[in-house]
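Undergrad: My questions are about this predicted structure, shown below with the sequence.
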Amino acid sequence: MFERLKEDISCVFERDPAARSTLEVVTAYPGFHAVLIHRLSHRLWHLELKWLARMCSHFGRFFTGIEIHPGATIGRRIFIDHGMGVVIGETAEIGDDCTLYHGVTLGGTSWEKGKRHPTLKQGVVIGAGAKVLGPITIGVEGRVGSNAVVIKDIPDGATVVGVPGRIAGTDTAHPRVAEREETAQNLGFDAYGEVRDLSDPISQAVDSMLDHAKSVENRLDKIDASLRKLGIERPPATDSTAVDND
C-alpha cells in the first residue's frame with residue numbers, strides 16, 4: 001500500500017514541473033486525491049458493496065471535480081493533471097504510467113451492457129478536452145491531442161489529432177512516400193522539412209503536387225524514348241532563368 005502511495009506521489013514530480021514538495025502534492029493535487037479515492041471505491045465495488053462504492057466515488061467527484069466510476073480499472077503511476085471535468089466510465093481500463101489532462105472523457109457509445117468504454121495501454125497521454133469513446137484500444141505510448149474525438153483503435157506509438165481523430169504525421173507506409181521525397185530533392189527543396197509530423201492540408205497539397213510532377217516526368221521519359229526510336233532527339237533543356245544581355 002505504501003509503495004503504491006509513493007509511486008503515485010513520485011509520478012506527479014516526474015510529469016508536473018510545478019510540483020514543489022510532497023506536502024503540496026498530498027494536500028493540493030486533486031488528481032492525486034481522485035486516484036486514492038478510486039482505489040478505495042474500486043475495492044468496495046469488487047466486495048459487492050456497490051452502493052457504498054458509488055457513494056465513495058460520488059464524494060470523490062464532489063471533492064475533486066473528477067468522476068471515476070468505481071468499476072473502472074486503473075493501473076499504477078496514473079497522473080491526472082488539473083483534472084477538472086475528467087470522466088472515466090465503468091468498463092474503462094487504464095494501463096500503467098498513463099497521463100490524463102483536464103476535460104478528458106473515456107466514455108461509451110452504447111447503452112448495452114458489457115465492455116463499452118476505452119482501454120488505454122501503458123504510457124498513453126490524453127490531452128485536455130479529448131474524448132475517447134467506445135470499446136476501443138489506444139496502443140502503448142499512444143498520444144491523443146487536445147480536443148480530439150477518437151472512436152477507432154489507435155496503434156502503438158501513434159499520435160491522434162482532430163475531429164474525428166486521425167493519426168498525425170507523414171504516412172510512412174504509403175507506397176509513394178519514397179518517390180515523393182526523391183522528387184522533392186530533384187526539385188531542390190525538402191517538402192517535408194516543416195510538416196513531417198503534421199497531417200495538415202498544406203502537406204497534403206504538397207504531396208499532390210509532387211505526385212503530379214512525378215507523373216509528368218514519367219510521361220516525358222516515355223515520349224523521349226519513343227522519339228529516340230524514331231531517330232529524333234529532343235532539344236536540350238534551356239535555363240528559363242537565364243537573361244540575354246546582348
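TA: All right, it came through fine. Numbering: from 1, shown residues only.
Undergrad: What segments of the chain are helices?
TA: With DSSP state H, the ranges of helices along the chain come out as 2-15, 22-28, 30-46, 50-64, 177-187, 201-229.
Undergrad: Identify each buried residue in the shortest one, please.
TA: In this case it means helix 22-28. Val25 (16 or more other CB atoms under 10 Å). For every residue, glycine as well, the C-beta is placed using N, CA and C.
Undergrad: other SSEs contacting that helix?
TA: Judged by 3 or more CB pairs under 8 Å, 6 or more residues apart in numbering; DSSP states H and E, the packing partners of helix 22-28 are helix 2-15.
Undergrad: picking up where we left off before, least reliable of the helices of the chain going by mean pLDDT?
TA: Note on the helices of the chain: helix 177-187 shows the lowest mean pLDDT, a mean of 58.
Undergrad: Turn the helices of the chain into JSON lines, including distance to Val160.
TA: Formatted as JSON lines, those follow (distance: least, CB to CB, whole Å):
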{"stretch": "helix 2-15", "distance to Val160": "20"}
{"stretch": "helix 22-28", "distance to Val160": "30"}
{"stretch": "helix 30-46", "distance to Val160": "22"}
{"stretch": "helix 50-64", "distance to Val160": "27"}
{"stretch": "helix 177-187", "distance to Val160": "20"}
{"stretch": "helix 201-229", "distance to Val160": "17"}
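Undergrad: Relative to Ala130, which of these is closest?
TA: helix 30-46 (15.7 Å; CB to CB).
Undergrad: Just the CA trace of the closest one, in CSV.
TA: Coordinates of each C-alpha in helix 30-46 appear next as CSV, following Å, rounded to 0.1, in the frame of the first residue of the first chain:
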residue,chain,number,x,y,z
PRO,A,30,-7.0,16.8,-6.9
GLY,A,31,-5.7,14.2,-9.5
PHE,A,32,-3.8,12.5,-6.7
HIS,A,33,-6.8,12.6,-4.4
ALA,A,34,-9.1,11.2,-7.1
VAL,A,35,-6.8,8.2,-7.7
LEU,A,36,-6.7,7.4,-4.0
ILE,A,37,-10.4,7.7,-3.6
HIS,A,38,-10.9,5.5,-6.7
ARG,A,39,-8.7,2.8,-5.3
LEU,A,40,-11.0,2.6,-2.2
SER,A,41,-14.2,2.7,-4.2
HIS,A,42,-12.9,0.1,-6.7
ARG,A,43,-12.1,-2.3,-3.8
LEU,A,44,-15.6,-1.8,-2.4
TRP,A,45,-17.1,-2.4,-5.8
HIS,A,46,-15.4,-5.8,-6.0
